[in-house]
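Chemist: Okay, predicted coordinates and the sequence, questions at the end:
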Amino acid sequence: MDKYQVLKKFFGYDSFRQGQETIIDALSDGRDVFGIMPTGAGKSLCYQVPALMLEGITLVVSPLISLMKDQVGALNAAGVHAAFLNSSLSAGQYRKALELARAGRYKIIYVAPERLLLPEFLEFARHSCISMVTVDEAHCVSQWGQDFRPGYLKIAEFIRALPMRPAVGAFTATATREVREDILAALQLESPVTVATGFDRENLFYKVSAGTEKFAEVMAYLRAHPTESGIIYCLTRKTVEEVCERLRQNGILATRYHAGLSDGERRQNQDDFLYDASPVMVATNAFGMGIDKSNVRFVIHYNMPQNIESYYQEAGRAGRDGEAANCILLYAPQDVVMNQFLIERETEHDVLTKEEQKLVKERDKERLKQMAFYCTTNACLREFVLRYFGEYTTNYCGKCSNCLTEFEEIDVTETVQAIAACVKGCGQRFGMTVIVDTLRGSQSAKLKQNGMAGNACFGTLREVPAYRIRQVMQYAIRQGWLRVTEETYPVVRLTEQSHEVFDKAPIFMKAAKEQEKKSGSARSGRSGKKQHAQPYADVDYALFEELRKLRLQIAREEQIPPYIVFSDKSLRDMSARKPQNASDFLKVNGVGEQKCKKYAELFLARIREQTKKSL
């Protein structure tokens with residue numbers, strides 16, 4: 001079969017997405033490849049299609065058990081023999097899987113990086129025809145990446161140990177210039193065909209909310225979207241527990257995930273989310289890498305993550321099916337302090353020298369600063385992220401909260417000068433909260449104890465809201481007039497440019513005319529109407545809901561996640577086309593021959609039944 005026949009037969013698609021064909025052609029010709037493609041762009045097809053065309057076995061190095069389980073489940077459902085080899089298998093299951101692999105049962109085998117150089121696996125690989133090695137989540141090989149995994153450093157050694165070098169493909173969704181260089185060097189890619197399709201995910205709506213009532217905002221969103229599945233990321237285990245419990249008390253089917261839970265509970269909770277038994281997952285960043293759940297309609301960050309890379313990857317778990325999805329970040333200044341504390345306490349990697357560890361920590365602090373700028377900017381949020389990754393575009397996307405908010409230029413000269421004078425007057429000894437409270441004239445005992453109640457600037461901005469003073473302070477930091485020290489408890493200090501505050505007048509800052517009050521649909525524009533970023537104009541949404549119920553029923557009977565049966569995108573296309581026979585059913589997006597044989601009769605019957613009811 002050629003690549004088009006493989007694409008249609010097993011995966012049910014008629015054409016390739018941007019960048020896929022170039023990568024598939026290169027790997028099929030035995031060339032190395034470096035693919036940088038956003039989540040949802042179809043990276044897995046880039047190595048799965050050539051794997052089915054090449055003679056031997058394709059090994060996919062993958063970082064998480066959940067990722068392997070999902071990918072293998074989806075492949076087997078599509079009629080492709082695949083397996084995974086990791087610590088979730090018993091000794092007997094592992095030996096049996098290797099035995100079947102030696103017998104040529106599997107075309108694609110997923111394996112954890114730490115298992116590559118184990119004697120039993122290495123012996124198998126040396127005596128098998130390994131035509132391709134694919135490295136998924138390749139940024140894990142970089143010490144500058146957000147998910148550095150020492151086991152990835154062994155991949156190149158494993159490839160050198162094979163009797164014949166296979167084609168090597170490396171794939172990632174997040175890669176700054178430093179990370180790209182690390183991947184190329186650590187994996188020893190040979191003249192790779194490099195394809196970067198861009199970091200933009202047009203179906204995602206980005207929003208930053210700086211309100212104080214975080215939980216109320218989450219509840220307002222969930223009540224406005226009762227049928228949607230999504231992830232709520234929290235910075236600490238304690239916050240995960242608190243948010244999950246409050247959601248349950250409010251009638252939300254939510255579950256939790258963090259490193260403090262037992263392996264069994266984590267697996268069960270993850271399955272409850274994947275199978276839609278608990279459609280809302282509350283988790284730390286320990287959850288999500290490789291989760292291939294296509295119908296995640298929202299990702300809410302209850303706290304600000306440590307860096308743009310992590311935020312982009314976590315937010316990117318929404319809308320993998322290409323349908324509209326929301327990425328909402330609930331920001332509070334305290335998040336910066338907490339992240340600073342976590343960076344200082346981060347576990348050191350033995351594989352790094354003391355000097356390298358110091359550089360990594362400094363880099364982490366700089367990345368945290370960029371993340372804070374994202375949360376406080378008035379510019380286009382999408383453009384901010386793309387620029388961080390080296391892409392330059394227009395400064396208006398029309399699909400983020402900043403672009404849909406009306407701004408005005410306001411004179412903040414007196415506010416900036418008062419802030420700078422207060423920082424100078426206190427001897428540059430305090431953080432943002434103390435500065436704001438001093439300028440507002442707070443009567444707190446803390447200010448009396450530390451002497452700030454007697455500061456010459458005490459109460460000078462009594463009429464200015466606290467949130468506005470914080471906005472102006474963040475603006476001054478971005479302009480270089482102030483800086484925040486990189487300590488466990490950050491302190492606001494002056495810079496060499498601070499004198500410009502008093503030399504330059506007036507000072508204008510862009511600010512929202514009115515703070516956003518509603519949390520309803522983040523996809524709503526000024527008109528308040530929901531924006532459906534989907535191509536099917538004739539979707540029968542009553543039928544779509546019926547097909548979702550049928551999908552859930554099948555998934556429970558087969559004990560597989562619903563999205564492995566069909567994605568929301570496939571069901572939406574089905575609801576628009578209303579196929580009447582198997583031939584029509586094969587034309588639906590994402591329906592291959594195996595799924596047509598297995599499910600066509602069931603879905604066609606439900607379509608006919610629902611069509612009769614609507615007449």
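Modeler: Great, that's in hand. Numbering: from 1, shown residues only.

Chemist: May I have the phi/psi pair for the residue lying closest to residue 89 once chain neighbours are set aside?
Modeler: The shortest distance from residue 89 to any non-neighbouring residue, by CB to CB, 6 or more residues apart in numbering, is to residue 97 (6.6 Å). Where you see a C-beta, it was placed from the backbone N, CA and C, and this is true even at glycine. In terms of degrees, to the nearest 10, the main-chain angles of residue 97 are phi -60, psi -40.

Chemist: ditto for residue 190
Modeler: Main-chain torsions, residue 190, degrees, to the nearest 10: phi -100, psi 110.

Chemist: Same check on the one 5 residues further on?
Modeler: Backbone torsions for residue 195, taken as degrees, to the nearest 10, come to phi -130, psi 120.

Chemist: Isn't it up against residue 31?
Modeler: No. Between residue 195 and residue 31 no contact is recorded; they are 11.7 Å apart, counting by CB atoms under 8 Å.

Chemist: before we move on, back to that, which residues touch the residue nearest to residue 89?
Modeler: Going by CB atoms under 8 Å, 6 or more residues apart in numbering, residue 97 touches 83, 85, 89.

Chemist: what about it, distance to residue 86?
Modeler: According to CB to CB, to the nearest Å, residue 97 stands 10 Å off from residue 86.

Chemist: next one: residue 410
Modeler: Distance, residue 410 to residue 86, by CB to CB: 56 Å.

Chemist: for the contacts of residue 97, which one is nearest residue 472?
Modeler: Comparing the contacts of residue 97 against residue 472 with CB to CB places residue 85 closest, at 55.9 Å.

Chemist: burial count for the nearest residue to that closest one once chain neighbours are set aside?
Modeler: The spatial neighbour of residue 85 that comes closest, neighbours along the chain excluded (CB to CB, 6+ apart), is residue 111 at 4.8 Å. As a burial measure, residue 111 scores 21 neighbours (other CB atoms under 10 Å).

Chemist: try residue 22
Modeler: As a burial measure, residue 22 scores 17 neighbours (other CB under 10 Å).

Chemist: Surely it and residue 195 touch.
Modeler: Yes. At 5.4 Å, residue 22 counts as touching residue 195 under the criterion of CB under 8 Å.

Chemist: Residue 569 sits in which helix or strand?
Modeler: helix 568-577 (DSSP states H and E).

Chemist: Put the alpha carbons of that helix into PDB.
Modeler: Extracted as PDB, the C-alpha positions of helix 568-577 are listed here (Å, rounded to 0.1, in the frame of the first residue of the first chain):
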ATOM      1  CA  ASP A 568     -16.100  14.500  18.600                       C
ATOM      2  CA  LYS A 569     -14.900  15.700  15.200                       C
ATOM      3  CA  SER A 570     -16.000  12.400  13.500                       C
ATOM      4  CA  LEU A 571     -19.400  12.500  15.300                       C
ATOM      5  CA  ARG A 572     -19.900  16.100  14.200                       C
ATOM      6  CA  ASP A 573     -19.200  15.200  10.600                       C
ATOM      7  CA  MET A 574     -21.400  12.100  10.900                       C
ATOM      8  CA  SER A 575     -24.200  14.300  12.300                       C
ATOM      9  CA  ALA A 576     -23.900  16.600   9.300                       C
ATOM     10  CA  ARG A 577     -23.500  14.000   6.600                       C
END
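
Chemist: Point out the other helices and strands that it packs with.
Modeler: On a contact count with 3 or more CB pairs under 8 Å, 6 or more residues apart in numbering; DSSP states H and E, helix 568-577 meets helix 541-558.

Chemist: Which is the succeeding secondary structure element to the helix it packs on?
Modeler: helix 562-565.

Chemist: pull the CA atoms of that following helix into CSV?
Modeler: The C-alpha trace of helix 562-565 is given here as CSV (Å, rounded to 0.1, in the frame of the first residue of the first chain):
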residue,chain,number,x,y,z
PRO,A,562,-14.9,7.0,24.1
TYR,A,563,-12.6,9.0,21.8
ILE,A,564,-10.9,5.8,20.6
VAL,A,565,-14.3,4.7,19.2
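
Chemist: And the contacts of stretch 110-123?
Modeler: Residues contacting stretch 110-123 (CB under 8 Å, 6+ apart): 59-63, 65, 67-68, 71-72, 82-87, 98, 125, 140, 149, 151-152, 154-155, 157-158, 161.

Chemist: which residues does the residue positioned nearest the centre of the chain contact?
Modeler: In the chain, the centroid-proximal residue (CA atoms, centre = their mean) is residue 314; its distance is 2.1 Å. Applying CB under 8 Å, 6+ apart, we find residue 314 in contact with 231, 233, 285, 288, 299, 301, 305.

Chemist: isn't the first one right next to residue 284, touching?
Modeler: No. Under the criterion of CB under 8 Å, residue 231 lies out of contact with residue 284, with a separation of 10.9 Å.

Chemist: More neighbours: which of the two?
Modeler: Looking at residue 231 and residue 284 with other CB under 10 Å, you find the greater number of neighbours at residue 231, namely 23 against 19.

Chemist: Domain parsing of the chain, as residue ranges.
Modeler: 3-196, 204-388, 407-512, 541-614 (automatic domain parsing).

Chemist: Could you dump those domains into a markdown table and include mean pLDDT and distance to residue 396?
Modeler: Below are those laid out as a markdown table (pLDDT from 0 to 100; distance: least, CB to CB, whole Å):
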| stretch | mean pLDDT | distance to residue 396 |
| --- | --- | --- |
| domain 3-196 | 90 | 20 |
| domain 204-388 | 89 | 6 |
| domain 407-512 | 88 | 11 |
| domain 541-614 | 90 | 28 |
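
Chemist: Tabulate those in TSV, adding columns for distance to residue 400.
Modeler: Shown next, in TSV, are those (distance: least, CB to CB, whole Å):
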stretch	distance to residue 400
domain 3-196	16
domain 204-388	4
domain 407-512	13
domain 541-614	23
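
Chemist: closest one to residue 399 among those domains?
Modeler: Comparing the domains of the chain against residue 399 with CB to CB, the closest turns out to be domain 204-388 (5.3 Å).

Chemist: Any idea how far the closest one is from the middle of the chain?
Modeler: Distance, stretch centre to chain centre, for domain 204-388: 8 Å (CA atoms, centre = their mean, to the nearest Å).

Chemist: what sits up against the helix holding residue 569?
Modeler: Outside helix 568-577, the residues touching it (CB under 8 Å, 6+ apart) are 12, 294-295, 321-323, 534, 536-541, 543-544, 547-548, 551, 566, 584-585, 587-591, 603, 607.

Chemist: Keep only those of the residues you listed that are in helices.
Modeler: Mapping the contacts of helix 568-577 onto helices (DSSP state H) picks out 541, 543, 544, 547, 548, 551, 584, 585, 603, 607.

Chemist: Pull out the CA atoms of stretch 319-336 and give them to me as PDB.
Modeler: Presented in PDB, the C-alpha positions along stretch 319-336 are these (Å, rounded to 0.1, in the frame of the first residue of the first chain):
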ATOM      1  CA  GLY A 319      -9.100  20.900  21.400                       C
ATOM      2  CA  ARG A 320      -6.900  18.100  20.000                       C
ATOM      3  CA  ASP A 321      -9.700  17.300  17.600                       C
ATOM      4  CA  GLY A 322      -9.400  20.700  15.900                       C
ATOM      5  CA  GLU A 323     -12.700  21.900  17.400                       C
ATOM      6  CA  ALA A 324     -13.100  25.100  19.400                       C
ATOM      7  CA  ALA A 325     -11.700  25.000  22.900                       C
ATOM      8  CA  ASN A 326     -10.900  27.400  25.800                       C
ATOM      9  CA  CYS A 327      -7.600  28.000  27.500                       C
ATOM     10  CA  ILE A 328      -8.200  30.100  30.700                       C
ATOM     11  CA  LEU A 329      -5.500  31.200  33.100                       C
ATOM     12  CA  LEU A 330      -6.600  32.500  36.500                       C
ATOM     13  CA  TYR A 331      -3.800  34.700  37.700                       C
ATOM     14  CA  ALA A 332      -2.900  36.100  41.100                       C
ATOM     15  CA  PRO A 333       0.400  37.800  42.100                       C
ATOM     16  CA  GLN A 334       0.900  35.200  44.800                       C
ATOM     17  CA  ASP A 335       1.400  32.600  42.100                       C
ATOM     18  CA  VAL A 336       4.700  34.200  41.200                       C
END
